[in-house]
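Engineer: Generate a structure from the sequence data that follows.
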Amino acid sequence: GLNPMGASTLAILVALLAWLFVPHLEALGGEQLWTTPLVAGGLVLAVCGYGAATVRTTAAHPTGSSLSYSVDADSGNAWLSGYASGFGAGAWVRSALASAGQDTVVPAWIRRIAGTRRMVRVPTVSGFAAPTATVTSDSVVANGRRVVIRVRPGPGTRAIGISADSGTIIATEIDGRPVETSRYRRAPRRWALEFIAPPETGFTLALTVPADSRRELNLVARIDGIPVHPGMTIPPRPVGVIPIQSGDLTLVYRRFRF
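Structural biologist: Below is the predicted model:
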């Protein structure tokens with residue numbers, strides 16, 4: 001990809017190759033050693049100027065963007081954030097956020113997902129079925145406490161992310177299948193997993209935790225699309241700006257304590 005990382009890699013490779021051809025470049029210049037660098041520099045400026053004057057975002061050469069509507073099912077608050085891969089898409093995302101809501105402080109669970117992206121507070125849209133979790137058994141085992149939880153997605157859920165901010169998770173099973181962690185390259189700082197395309201009937205999550213301990217899980221459901229609300233105005237994407245990566249999506253968050 002011709003993104004910042006790819007362009008930097010190409011620049012480094014070109015510089016290394018040019019270094020190998022230094023003797024030949026000196027021979028081309030003869031006694032006037034600055035001739036070749038000046039000609040090469042002039043060509044670079046000409047190519048950069050041509051690219052800046054001709055490269056534009058069009059329907060045939062689009063740039064990408066995505067919006068994320070995040071709603072806390074427990075508090076009822078909602079936020080909107082966005083991502084863009086180019087200047088034109090970035091301008092559209094900024095205009096969408098500015099017209100949809102106002103800047104505000106966001107909770108930690110959204111910041112872990114959105115990172116440093118700008119987020120604005122927007123109206124809450126009702127009708128989203130948050131994921132549910134129910135303890136079906138809670139027993140004492142040799143190395144602690146084994147809790148079996150039935151997790152059910154809401155309609156239209158594409159994936160469910162589950163994580164624990166603190167505390168030790170000794171062992172994990174999904175529908176009776178143990179999650180093997182002995183071959184992980186490094187121990188994760190926080191326990192987390194994601195179930196892609198969960199069945200409508202849900203799935204079973206069995207966790208082994210230290211005895212006499214209480215835990216809190218974060219459940220985040222991913223749903224395709226952004227809801228429509230009269231108080232949230234999002235301008236249509238201009239020509240040449242298309243959805244990328246996961247596209248526009250809705251995140252429905254819920255806490256579960258056991």
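Engineer: mind checking which helix or strand of this protein has the lowest mean pLDDT?
Structural biologist: Across the helices and strands of the chain, mean confidence by mean pLDDT, DSSP states H and E is lowest for helix 22-29: a mean of 75.
Engineer: helices and strands around that helix, which ones?
Structural biologist: Helix 22-29 makes packing contacts with helix 35-54 when contacts are defined by 3 or more CB pairs under 8 Å, 6 or more residues apart in numbering; DSSP states H and E. Yep, even glycine has a C-beta here, placed from its N, CA and C like the rest.
Engineer: what separates the helix it packs on from the chain centre, distance-wise?
Structural biologist: Distance of helix 35-54 from its chain centroid, counting by CA atoms, centre = their mean, to the nearest Å, is 37 Å.
Engineer: Show the subsequent helix or strand relative to that helix.
Structural biologist: strand 63-72 (DSSP states H and E).
Engineer: Need the contact partners of whichever helix or strand comes after that following strand.
Structural biologist: Using DSSP H and E, the helix or strand that follows strand 63-72 in sequence is strand 78-84. Identification of contacts with strand 78-84 by CB atoms under 8 Å, 6 or more residues apart in numbering yields 63-72, 90, 92-93, 96-97, 100-101, 104, 106, 110, 114, 117-125, 232, 245.
Engineer: do the same with stretch 133-141
Structural biologist: Stretch 133-141 is contacted by residues 145-152, 204-205, 208, 211, 217, 219, 254, 256, 258 when judged by CB under 8 Å, 6+ apart.
Engineer: go with 7 Å
Structural biologist: 146, 147, 148, 149, 150, 151, 208, 211, 219, 256, 258 (CB atoms under 7 Å, 6 or more residues apart in numbering).
Engineer: Residue 157 versus residue 229, what's the distance?
Structural biologist: 20 Å (CB to CB, to the nearest Å).
Engineer: Can you give me the distance of residue 57 to residue 254?
Structural biologist: 39 Å.
Engineer: again, but for residue 153
Structural biologist: Taking CB to CB, one finds residue 153 at 11 Å from residue 254.
Engineer: do the same with residue 135
Structural biologist: 15 Å.
Engineer: what about the helices in the stretch 101-250 of the chain?
Structural biologist: 108-114 (DSSP state H, counting those that start in this stretch).
Engineer: picking up where we left off before, which among the contacts of strand 78-84 end up buried?
Structural biologist: Neighbour-count burial (16 or more other CB atoms under 10 Å) is assigned, among the contacts of strand 78-84, to 63-72, 90, 92-93, 96-97, 100-101, 106, 110, 114, 117, 119-122, 124-125, 232.
Engineer: number of nearby residues for residue 16?
Structural biologist: Counted with other CB atoms under 10 Å, the neighbours of residue 16 add up to 9.
Engineer: Got phi/psi on it?
Structural biologist: Torsion angles at residue 16 (phi, psi; degrees, to the nearest 10) stand at phi -70, psi -40.
Engineer: So it versus residue 59, what's the distance?
Structural biologist: Distance, residue 16 to residue 59, using CB to CB: 38 Å.
Engineer: and what of residue 11?
Structural biologist: 30 Å.
Engineer: still on that earlier bit, report the inter-axis angle for the least confident helix or strand of the chain versus helix 35-54.
Structural biologist: If you take axes from the mean of the first three to the mean of the last three CA atoms, to 10 degrees, helix 22-29 sits at 90 degrees to helix 35-54.
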